[in-house]
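Colleague: Next input, structure requested:
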Amino acid sequence: MALLRIRKFPDDTLKEPAAPVKNINGNVEGLIDSMVQTMYAAPGVGLAAPQVGESKRIIVLDTDHENPGKHLLKLINPKVVEAEGKIVWEEGCLS
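Modeller: Numbers count the residues shown, from 1 in each chain. Take a look at the predicted model:
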């Protein structure tokens with residue numbers, strides 16, 4: 001695991017659609033572990049692979065910023081299939 005450099009707008013990786021992950025292997029697992037470490041070090045509550053220069057559909061997020069790691073989610077090829085309601089929260093984008 002290593003801290004990754006978080007890309008800032010207008011980095012080209014942030015402008016393109018991310019590619020789906022076809023095979024979950026040690027490289028993907030290592031990337032996810034590094035993304036988690038980078039997210040917490042930033043500090044942030046979520047981080048997507050394109051934000052660290054990897055054009056892959058991967059995101060890590062922690063829904064409980066007061067208890068880091070307790071509600072950590074690691075999503076590969078996520079899709080929003082349904083949404084309702086709204087939430088008001090401060091923007092937390094690291095890019």
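
Colleague: In stretch 3-15, which residues are buried?
Modeller: Across stretch 3-15, burial judged by 16 or more other Cβ atoms under 10 Å covers Leu4, Ile6, Arg7, Leu14. Just so you know, the C-beta spots here come from the backbone N, C-alpha and C atoms, and that holds for glycine as well.

Colleague: how much space between the last one and Asp62?
Modeller: By that I understand Leu14. 21 Å (Cβ to Cβ, to the nearest Å).

Colleague: got it, and the second one?
Modeller: Ile6 sits 16 Å away from Asp62, taking Cβ to Cβ as the criterion.

Colleague: for the buried residues of stretch 3-15, which one is nearest Ile32?
Modeller: Using Cβ to Cβ, Leu4 is the member of these that sits closest to Ile32, with 11.1 Å.

Colleague: what's the closest non-adjacent residue to the closest one?
Modeller: Nearest residue to Leu4 in three dimensions, chain neighbours excluded: Val52, at 4.0 Å (Cβ to Cβ, 6 or more residues apart in numbering).

Colleague: hang on, the one you found packs against Ile6?
Modeller: Yes. With contacts counted by Cβ atoms under 8 Å, Val52 reaches Ile6, the gap being 6.2 Å.

Colleague: Mutual contacts of those two, please.
Modeller: Thr38 (Cβ atoms under 8 Å, 6 or more residues apart in numbering).

Colleague: Strands of the protein, residue ranges please.
Modeller: Here the chain has its strands, by DSSP state E, at 46-48, 58-62, 72-76.

Colleague: Between strand 72-76 and the second one, find me the angle.
Modeller: Looking back up the chat, that one is strand 58-62. 170 degrees (axes from the mean of the first three to the mean of the last three Cα atoms, to 10 degrees).

Colleague: Residues in contact with strand 58-62: which ones?
Modeller: For strand 58-62, the external contacting residues (Cβ under 8 Å, 6+ apart) are 18, 21, 28, 31-32, 35-36, 39-40, 45-49, 68-78.
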